[in-house]
Each structure stands twice: as structure tokens, then as C-alpha cells.
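Enquirer: Generate coordinates for the sequence data below:
(chains A and B)
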Amino acid sequence: AQSVTQPDIHITVSEGASLELRCNYSYGATPYLFWYVQSPGQGLQLLLKYFSGDTLVQGIKGFEAEFKRSQSSFNLRKPSVHWSDAAEYFCAAAHSGNTPLVFGKGTRLSVIA
Amino acid sequence: NAGVMQNPRHLVRRRGQEARLRCSPMKGHSHVYWYRQLPEEGLKFMVYLQKENIIDESGMPKERFSAEFPKEGPSILRIQQVVRGDSAAYFCASSPVQALNSPLHFGNGTRLTVT
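Expert: Next comes the predicted model:
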């Protein structure tokens, strides 16, 4: 079955430190890949997406993600975390066509001073 | 340009009552998706609608749940005879076309509590 796995439920980083959130997918073929962020009490906002081409994708708010086919991964990174980055982060995937997005369970990011 | 509007933000229902959740997509968007988020879980797809048509309802429970997106007015997710397990956040998303390179715009959700 198609699935998206985010191994880390909760991550805490210090402000200014680098960040990497993990995402693995299980699909027959390379799916379209997305990262969304959800602030408390809010809906989801798209950070970035990967369809094809360059495996390093730049997104909003200084985030980037790297697609690695050999590892079936699409990890999200940020070189220097800000306190306002504290939120829930969701990785999602879908095939082309009519299939809906499949989300991982999310990783909650806490930022400490 | 208003985003996706969902109302109410919070809804409390007693077991056995009906819950109606509304979603007004962004202007110009004719594709609507409903997702459910349980505590400590990611979003689970429920249903995908275009105006007056249900395109994919593979994620909808077989009983008590229904959705519509009429020609005029918001999309409605209806849950009849609610049970405690229906307590969750329900998110609506819209897009102008049915294509993955057209990102989904999410509303802020309706948090349903069944007492």
C-alpha cells in the first residue's frame, strides 16, 4: 500500500541550529512529494514540492528538501531555525492523475532559546 | 482575495446529533477536498468533489457521512448520528484545477467535539 512515513514524532532544536525532518515514502513509482506546515489552530501551508528534475528543491521560509530515490526519502532541511518555525510539519505524496494526497503523521517541531 | 473559509471553527455535538461542516473554496476554485485529522495522526483523505459531482469518495466512511458541493454555495460535509470517534479536526482544501502542480489551499479547519 502507498504510504508516507515520518519517523520522528517530535523534535526539539535550539534557535539558530540546523534542522532536518525525515520523510520516507513507499510507492511503486516515484510520486509527487510535498511538505506542508501547520501552525497551531491553523490549516496547512505548502512549503515546497517536488515533481521531477533537480533533486534539491527550494521552498518558502528558507526551507529546502532533497529527493533521494535510492533511499525513498524526501527530507526537509533548514540551515538556521527561528522560533517562529515551531509548528507541525507534514510530508505528503501522490501519484499523478486523480489520486489524493497521502500524508505522513507529522513531526512536531519545538524551538528553544 | 479570501482564502478557503470553513465554518464553524468549533462545533460541539452530543452523540446522535447531526454535524454540518461548511467550506467555501477560494474564488475561482472548483475542486474541493475534505480531510480528517485525528489527534496524533496525519490528515486522512475523505472525499474529493467538483461542482455538483463527487469524484472520489474512497476515504469516506460507508455510513453516516456524506458530502456535497452544489452549483451555488459552499461544500457541506454532513455527519449523521455522530459518535465520540467522530471527534476530530476536519479540513477542507481547494484548487482551481485537478492537477498536482496546482497546490491545495487549506482552510483553518472545523474542530468537532462529540460529547
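Enquirer: Can you list the strands that the helix or strand of chain B with the lowest mean pLDDT pairs with?
Expert: In chain B, no helix or strand scores lower on mean pLDDT, DSSP states H and E than strand B:105-106, which sits at a mean of 90. According to DSSP bridges, strand B:105-106 has the following sheet partners: strand B:88-95 (antiparallel).
Enquirer: about what we covered before: what sits up against the least confident helix or strand of chain B?
Expert: Counting by C-beta atoms under 8 Å, 6 or more residues apart in numbering or on different chains, strand B:105-106 makes contact with A:36, A:43-45, B:3-4, B:25-26, B:29, B:91-95, all of which sit outside it. Every C-beta, even on glycine, is put in place using the N, C-alpha and C of the backbone.
Enquirer: Tell me how many other residues surround residue A:35.
Expert: When neighbours are counted by other C-beta atoms under 10 Å in any protein chain shown, residue A:35 registers 26.
Enquirer: what's downstream of the helix or strand that it is a member of, the next helix or strand?
Expert: With elements taken from DSSP states H and E, the one containing residue A:35 is strand A:32-38. Beyond strand A:32-38 in the direction of the C-terminus, DSSP H and E gives the next helix or strand as strand A:44-50.
Enquirer: Check which residues of the helix or strand following that following strand are buried.
Expert: Per DSSP H and E, strand A:44-50 leads on to strand A:56-58 as the next helix or strand towards the C-terminus. By neighbour count, with 16 or more other C-beta atoms under 10 Å in any protein chain shown as the criterion, the buried positions of strand A:56-58 are residue A:57.
Enquirer: hang on, the earlier thing: which other residues reach the next helix-or-strand element following the least confident helix or strand of chain B?
Expert: Scanning forward in sequence from strand B:105-106, with DSSP H and E defining helices and strands, the next element found is strand B:110-114. In this structure, residues lying in contact with strand B:110-114 by C-beta under 8 Å, 6+ apart are B:6-15, B:19, B:21-22, B:79, B:82-90.
Enquirer: CA-only coordinates of strand B:110-114 in PDB, if you can.
Expert: Extracted as PDB, the C-alpha positions of strand B:110-114 are listed here (Å, rounded to 0.1, in the frame of the first residue of the first chain):
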ATOM      1  CA  THR B 110     -13.500  22.800  11.900                       C
ATOM      2  CA  ARG B 111     -12.800  21.100  15.200                       C
ATOM      3  CA  LEU B 112     -15.700  18.800  16.000                       C
ATOM      4  CA  THR B 113     -16.200  17.600  19.600                       C
ATOM      5  CA  VAL B 114     -18.700  14.900  20.300                       C
END
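Enquirer: I'm done for today, thanks for sticking with me.
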